[in-house]
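K.L.:
3D model of this:
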Amino acid sequence: MILFNKLRLAMAALLLLVSAANAYSAPKTLLVVGDSLSAEYGLARGTGWVALLEQKLRTQKLDANIVNASVSGETTSGGRTRLPALLSKHKPDVVVIELGANDGLRGLPVPAAEANLRAMVEASRKAGAQVLLVGMRMPPNYGRDYADKFFAMYGTLSKSVNVPLAPFMLDGVAQKPDLFQPDRLHPLAEAHPIILANIWPHLLPILKTK
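P.N.:
Residues are numbered from 1 along each chain as shown. Sure, this is the predicted structure:
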């Protein structure tokens, strides 16, 4: 009987170790909530920065499943509305919020965009996810004052809610007209490795610590 009990305890301990190992090795789920810049607008499938991120994760041997819930034309208001269902369905470990460009292009109030993004960060955290905020700049022809306030919004929000920020996803792209599609708003596929390079250093620490 004593031997049997010892064996039973040993088996229970082994099962616990296996269960813990499986939990540790379970792949993370990364949810990207963005607009056309993340939805491969005008591009061949598999050439946008989110698809390139998936490839990079494999080469880095980081086990993560990416859910790209980006929608062309999406605003911060639309993202805020859609997010609860996405969180419930996918239960992400990490949420990348890439929104605001369409708010800016429409000249929508900056405080409203900030409130929407703040609500998205809070909802993601409440669901147990870490968040990366991706920033955007408006062209100067939208007015210097508005453009400055719009860009500053991301930094202010990042500090206020203490989430990491990729300051400007089009850094190194916006300055080069030849990297854009004919509409001059959406980058060509050649620009998306640069976009990923702007986001990756801020995303990697989250993926390694979550």
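K.L.:
which element is the residue nearest to the spatial centre of the chain on?
P.N.:
The residue lying closest to the centre of the chain (CA atoms, centre = their mean) is V96, at 1.5 Å. Under the criterion of DSSP states H and E, V96 resides in strand 94-98.
K.L.:
what's that strand packed up against?
P.N.:
The elements that strand 94-98 packs onto, with contact taken as 3 or more CB pairs under 8 Å, 6 or more residues apart in numbering; DSSP states H and E, are strand 28-34, helix 110-126, strand 130-134, helix 192-209. All C-beta spots, glycine's among them, are computed from the backbone N, C-alpha and C.
K.L.:
show me how far the shortest one is from its chain's centre.
P.N.:
A distance of 6 Å separates the centroid of the chain from that of strand 130-134, by CA atoms, centre = their mean, to the nearest Å.
K.L.:
number of nearby residues for the nearest residue in space to D103 that is not next to it in sequence?
P.N.:
For D103, the nearest residue in space outside its immediate sequence neighbours is A113; the separation is 4.3 Å by CB to CB, 6 or more residues apart in numbering. The tally of other residues near A113 (other CB atoms under 10 Å) stands at 23.
K.L.:
now swap in L157 and tell me
P.N.:
Burial measure for L157: 20 neighbouring residues, criterion other CB under 10 Å.
K.L.:
hmm, A113 and it touching each other?
P.N.:
No: because the distance of 9.4 Å does not satisfy CB atoms under 8 Å, L157 is recorded as not touching A113.
K.L.:
assign G107 to helix, strand or coil.
P.N.:
Local secondary structure at G107 is given as coil here, using DSSP: H, G, I helix; E, B strand; the rest coil.
K.L.:
residues in contact with it?
P.N.:
With contact set as CB atoms under 8 Å, 6 or more residues apart in numbering, G107 has these partners: Y142, Y146.
K.L.:
that concludes my questions; thank you for your assistance.
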